[in-house]
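K.L.:
sequence-free structure coming up:
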């Protein structure tokens, strides 16, 4: 019997939704089942080492936070906001809030102060916990927009004594250091009765056009989705997650926070993007969640390291190719060719094992969600032995709708729906979803709720999809994003953009062409790589749009699109060295480009790329918000 089968046999099965009832019940049952097991790991900057926390230790900290919350005149159903990077305190505050009958609102630390102020106001949050005095200082000028906020707790932050966080008294919320709040706390009250149908959290969609919407998710919705996801892609008590995506994101919250709690797995919180390589080696995770951008950067880093010589580059590509052949043969139940069988042991030892070691050497399952994963990226990672499974979901479905199973993984698809979820298509090809974990609605927006959800509970996703005869789902793009050329062909710009940005020279891309005869693109160059490229080719570094360099770069773009049909080729490019940023309002908190904000900035350049033909310069339909 395997170790995992033995775990199930001795009673370490996942906590079912009916056992937990609510998210506080989930936590309480986990503590009861495995009090001494490691719940979380966090990096202690004071000692420069990783520290482990048992479920029993976490329970004690949660109790102190609940006691502190009980003194803040909050009542069940009130909203409390978390504006912290992923950390132990994020998890503990979230659990404590649920144990106090409160509704949690997650905010993105890397989002703008204006966006976070809007969510504080829209959610009517009465208390917020933030990571630094500087963070609160950036919000204070906007406090008139969220007058309902009565209290702010400021955590000390990595390596900073709480005394430094003293905030001068001023009109507005009472501001206290978190350490002082906890020092005064003792004896939490009994948890209030919380029904499975009660709202547990407001999760705000990333909002690529206009303000984000607050999605109301019940305790049952989150519990059901985590449990169904675990049944599709089994996670076990001996798994260790490396938490990379923000906990404010529904994907990380359900599948990277509550799902591990459901099975008793350990979560280690990554420090930062800059420390990620070291964190992989230190934590040696067996599971992680990511968005395509993370995996694209992984591929770029692997390619860059493999480009040290023509021989290493050739060995890397050969390993990817044969690894992919092995994957396909295993999936199809066919026999691998003799040459591949003979070469693989050597390539695995020389190349694949070294790549896997850079990611800790133990990754067992890697979830990709949040946006379509480019097939070439999946093929490369799978070929090297990183077990990437792509799924699909939305904030409104808590979030997972479909996922590839590890034993039935088909890159390019998002797999089959979770057991218990139904899907169908409208005559226009839009995917509709009927799920037990569908949202209760949009906070303060009945009109949008009625538009998204029909009377039978079918959710309009806004995504164009195909459903194969065997029920496997393929996502083709957003209804509102699809480019329709003047020749009648339809193109998903995300597919084209993903292929181009696989090249590390091209940092960001916006493809346009709605009602035009062909596609053109605005391309942001990676300044460092461009400087080297320009020097090697004798181009003017400061002026990438000179004809000689533009012609070369257009050819480079075209080389990444050879597998797309003729109408999906990019015929002209405008190049820029100025990246699109969150601070400029050009990216969502999940780092998706805001098409409707970027296209007008380049209206003249786009018109010039079409030769000033007088055709409408719209970049295409607007981009509807998409959560997961």
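P.N.:
Done, it's in. This structure is a prediction, so every number in the text was calculated from the model and none was measured. Numbers count the residues shown, from 1 in each chain.
K.L.:
wait, residue 544 sits on residue 574?
P.N.:
No. Using CB atoms under 8 Å, residue 544 is not in contact with residue 574; the gap is 9.4 Å. (Glycine included, C-beta is placed from N, CA and C.)
K.L.:
tell me which of these two has more neighbours.
P.N.:
residue 544 (21 against 18; other CB atoms under 10 Å).
K.L.:
contact partners for the nearest residue to the more buried one once chain neighbours are set aside?
P.N.:
Excluding its sequence neighbours, the residue lying closest to residue 544 (CB to CB, 6 or more residues apart in numbering) is residue 575, at 4.1 Å. Each residue near residue 575 by CB atoms under 8 Å, 6 or more residues apart in numbering is listed here: 523, 525, 544-545, 549-550, 553.
K.L.:
how about residue 294?
P.N.:
Residue 294 neighbours (CB under 8 Å, 6+ apart): residue 244.
K.L.:
that one should be in a strand, yeah?
P.N.:
No. The assignment for residue 294 by DSSP: H, G, I helix; E, B strand; the rest coil gives helix, which leaves it out of any strand.
K.L.:
how close does it sit to residue 300?
P.N.:
From residue 294 over to residue 300 the distance is 11 Å, taken as CB to CB, to the nearest Å.
K.L.:
which parts of stretch 442-462 are buried?
P.N.:
Neighbour-count burial for stretch 442-462 flags 442-443, 449, 452-453, 458-462 (criterion: 16 or more other CB atoms under 10 Å).
K.L.:
widest-spaced pair of these?
P.N.:
Greatest spacing in those, by CB to CB: 443 and 458 (20.8 Å).
K.L.:
dihedrals phi and psi, residue 184?
P.N.:
Torsion angles at residue 184 (phi, psi; degrees, to the nearest 10) stand at phi -90, psi 0.
K.L.:
spatially nearest residue to it (excluding sequence neighbours)?
P.N.:
Residue 184's closest residue in space is residue 68 (CB to CB, 6+ apart), at 7.2 Å.
K.L.:
residue 118 now?
P.N.:
Nearest to residue 118 is residue 211, by CB to CB, 6+ apart, at 6.1 Å.
K.L.:
next one: residue 21
P.N.:
Closest to residue 21 by CB to CB, 6+ apart is residue 196, at 5.6 Å.
K.L.:
show me the shaky parts of the chain.
P.N.:
Of all residues in the chain, those with pLDDT under 70 make up the ranges 1-12, 157-171, 206-210, 612-628.
K.L.:
do you know how far the residue nearest to residue 21 is from residue 220?
P.N.:
Distance from residue 196 to residue 220, by CB to CB: 4 Å.
K.L.:
with residue 390 instead?
P.N.:
The separation that residue 390 has from residue 220, given CB to CB, amounts to 26 Å.
K.L.:
secondary structure class for residue 335?
P.N.:
Secondary structure for residue 335, judged by three-state DSSP, is coil.
K.L.:
which strand runs longest in this structure?
P.N.:
strand 459-467 (DSSP state E).
K.L.:
returning to that earlier point: neighbour count winner among residue 196 and residue 220?
P.N.:
Between residue 196 and residue 220, counted using other CB under 10 Å, the more crowded position is residue 220 (23 against 18).
K.L.:
what sits up against the helix or strand hosting the more buried one?
P.N.:
Using DSSP states H and E, residue 220 sits in helix 219-232. Helix 219-232 is contacted by residues 14, 16-17, 20-23, 26, 98, 194-198, 200-201, 253-255, 258-259, 262-263, 397-400, 403, 405, 415, 418-421, 435-440 when judged by CB under 8 Å, 6+ apart.
K.L.:
for the helix ranked longest in the chain, buried residues please.
P.N.:
Across the chain, the longest stretch assigned as helix under DSSP state H is helix 310-332. In terms of neighbour count (16+ other CB under 10 Å), helix 310-332 has its buried residues at 315-316, 319-327.
K.L.:
quick one: the strands in the stretch 51-200 of the chain, in order.
P.N.:
Along the stretch 51-200 of the chain, counting by DSSP state E, counting those that start in this stretch, strands occupy 79-83, 103-106, 127-130, 151-154, 174-177, 199-204.
K.L.:
residues in contact with residue 21?
P.N.:
Residue 21 sits next to 194-196, 219 when contact means CB under 8 Å, 6+ apart.
K.L.:
against residue 193, how distant is it?
P.N.:
Taken as CB to CB, the span from residue 21 to residue 193 is 10 Å.
K.L.:
ok so, going back, touching the following helix or strand past the longest strand of the chain from outside, list them.
P.N.:
The element immediately downstream of strand 459-467 (helix or strand, assigned by DSSP H and E) is strand 473-478. With contact meaning CB under 8 Å, 6+ apart, strand 473-478 is reached by 372, 392, 401-402, 412-417, 423, 429, 431, 462-468, 482, 492-495, 623-624, 626.
K.L.:
now the buried members of these.
P.N.:
Among these, those buried by neighbour count (16+ other CB under 10 Å) are 372, 392, 401-402, 413-417, 423, 429, 431, 462-465, 467, 482, 492-495, 623-624, 626.
K.L.:
the closest residue to residue 464 other than its chain neighbours and residue 519: what is the separation?
P.N.:
Residue nearest to residue 464 in three dimensions, not counting chain neighbours: residue 476, with 4.4 Å by CB to CB, 6+ apart. Per CB to CB, residue 476 is found 16 Å from residue 519.
K.L.:
neighbour count winner among the two?
P.N.:
Using other CB under 10 Å as the criterion, residue 476 and residue 519 rank with residue 519 on top: 24 against 18.
K.L.:
against residue 508, how distant is the more buried one?
P.N.:
Where residue 508 is concerned, residue 519 sits at a distance of 16 Å (CB to CB).
K.L.:
would you mind measuring the gap between the ends of stretch 563-582?
P.N.:
Length of stretch 563-582, first residue to last, CA to CA, to the nearest Å: 32 Å.
K.L.:
how far off centre is it?
P.N.:
Here the centre of mass of C-alpha atoms in stretch 563-582, compared against the chain's by CA atoms, centre = their mean, to the nearest Å, lies 24 Å away.
K.L.:
same question for stretch 442-449.
P.N.:
24 Å.
K.L.:
got it, and stretch 472-482?
P.N.:
With CA atoms, centre = their mean, you get 18 Å for stretch 472-482.
K.L.:
now the terminal residues of it, how far apart.
P.N.:
OK, stretch 472-482 end separation, CA to CA: 22 Å.
K.L.:
over to stretch 584-603?
P.N.:
Start-to-end, stretch 584-603 (CA to CA) is 17 Å.
K.L.:
domain map for this structure?
P.N.:
Here the domain assignment for the chain is 16-288, 291-478, 483-609, based on automatic domain parsing.
K.L.:
most tightly surrounded among those domains?
P.N.:
Most buried of the domains of the chain by mean neighbour count (mean count of other CB atoms under 10 Å) is domain 16-288; its value is a mean of 20.
K.L.:
for it, measure first residue to last.
P.N.:
Terminal-residue distance, domain 16-288 (CA to CA): 22 Å.
K.L.:
what's the answer for stretch 107-120, then?
P.N.:
Across stretch 107-120, first to last residue, CA to CA, it's 9 Å.
K.L.:
what strand or helix carries the residue nearest to residue 544?
P.N.:
Residue 575 is located in strand 570-576, with elements delineated by DSSP H and E.
K.L.:
which stretches in the stretch 401-550 of the chain count as helices?
P.N.:
446-452, 493-501, 527-537, 547-559 (DSSP state H, counting those that start in this stretch).
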